[in-house]
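In: Give me a model of this one.
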Amino acid sequence: MKTKEEEQIEKLKKTIKDQKEVIKELQSENVLLWNYIDETLEDEKQLMAEIGFVIDDYIVRNMKPIGDA
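Out: Predicted coordinates:
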């Protein structure tokens, strides 16, 4: 028969094991979220570059000459 202390130790060991599994899941989710953030940042950089090209093109096409060159 197990003593009360042994039962508590067993219970604590199970709790620690369960918490380790939760930590592993959270670490995996954390990595996925950081990857998503990195992808989003790359998409944003690409979008801003494309917007810059569109604005530059618009400005150049709509420029009116001033005076004689």
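
In: Tell me where this structure has helices.
Out: For the chain, applying DSSP state H gives helices covering 4-61.

In: quick one: low-confidence ranges for it?
Out: Scanning the chain for pLDDT under 70 picks out 68-69.

In: hmm, 80 instead?
Out: The chain contains residues with pLDDT under 80 at 1, 65-69.

In: Tell me who's in contact with Lys17.
Out: By CB atoms under 8 Å, 6 or more residues apart in numbering, the contact list for Lys17 is empty. No exception for glycine: its C-beta is placed from N, CA and C like everyone else's.

In: Return the distance of it relative to Ile59.
Out: To Ile59, Lys17 is 63 Å away according to CB to CB, to the nearest Å.

In: can you check Asp38 too?
Out: Using CB to CB, Asp38 is found at 32 Å from Ile59.

In: count of neighbours near Lys2?
Out: The local packing of Lys2 (other CB atoms under 10 Å) involves 9 other residues.

In: List phi and psi for it.
Out: phi -80, psi 150 (degrees, to the nearest 10).

In: check contacts around it.
Out: Shown in contact with Lys2 (CB under 8 Å, 6+ apart): Glu10.

In: Residue numbering should commence at 434 henceforth.
Out: From this message on, residue numbering opens at 434, which makes the last subject Lys435.

In: And it, how far from Lys446?
Out: When Lys435 is compared with Lys446 (using CB to CB), they lie 13 Å apart.

In: now swap in Val487 and tell me
Out: For Val487, the distance to Lys446 equals 62 Å [CB to CB].

In: can you check Lys453 too?
Out: From Lys453 to Lys446 the distance is 11 Å (CB to CB).
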